[in-house]
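>>> Here's my sequence, what's the structure:
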Amino acid sequence: MQPPTEGELAILGVLWRRGAATVREVNDRLNEDSDKSIGYTTTLKLMQLMADKGLVSRDTSARSHVYTATAERERTQQGLLRRFVESTFGGSRTQLVLRALGEGSASPAELAQIKQLIEQLEKEESHD
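Coordinates of the predicted model:
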C-alpha cells in the first residue's frame with residue numbers, strides 16, 4: 001500500500017477520530033480544522049482515489065456513500081515515521097529524539113513517559 005499524501009493523511013485523521021463518515025462530514029471537519037477552504041469536490045476526488053489505493057473502503061448501499069479508514073493508524077504512522085527518519089536523520093532514531101527533545105520543553109508528564117519507555121526498552125534489551 002502506498003503511503004498517504006498530506007491531504008490523504010488529513011482525511012484519514014478525520015476517519016480515525018470519527019469512524020465511518022460521508023464525504024460531506026469529512027469535508028466539513030476538514031474545513032473546521034483548516035485555515036483555507038477545501039472544496040467538496042476536492043475532498044470527494046481525494047476520497048475516491050484513496051478507495052482505489054486501498055486506504056479507505058466505501059459503502060455504496062445508501063444514497064450518500066460512507067467511507068471507513070482501512071489503513072490502520074499505528075501502521076501508517078510507523079511507515080511514515082520510518083520514511084521520515086531515513087530521509088531526514090539518515091536512519092538515526094537517536095538524532096530524531098535529540099532534535100525533538102531539544103526543540104522545546106517537555107512537560108513533567110511527558111518526561112515521565114519518556115523515562116518509562118527507556119526503562120522498558122532497557123528491560124527488553126537485557127532479556128534478549
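
>>> Let me see the ranges of the strands in the protein.
21-22, 56-59, 66-69 (DSSP state E).

>>> Which elements pack onto the last one?
Contacting strand 66-69 under the criterion 3 or more Cβ pairs under 8 Å, 6 or more residues apart in numbering; DSSP states H and E are the following elements: helix 6-18, strand 21-22, helix 40-53, strand 56-59. For every residue, glycine as well, the C-beta is placed using N, CA and C.

>>> ok, back up a step: in TSV, list the strands of the chain along with distance to residue 83 and mean neighbour count.
Shown next, in TSV, are the strands of the chain (distance: least, Cβ to Cβ, whole Å; neighbours: other Cβ atoms under 10 Å):
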stretch	distance to residue 83	mean neighbour count
strand 21-22	27	19
strand 56-59	21	16
strand 66-69	19	19
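
>>> Any chance of JSON lines for the ones you listed, columns distance to residue 105 and mean pLDDT?
As requested, the strands of the chain are exported to JSON lines (distance: least, Cβ to Cβ, whole Å; pLDDT from 0 to 100):
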{"stretch": "strand 21-22", "distance to residue 105": "36", "mean pLDDT": "96"}
{"stretch": "strand 56-59", "distance to residue 105": "37", "mean pLDDT": "95"}
{"stretch": "strand 66-69", "distance to residue 105": "33", "mean pLDDT": "96"}
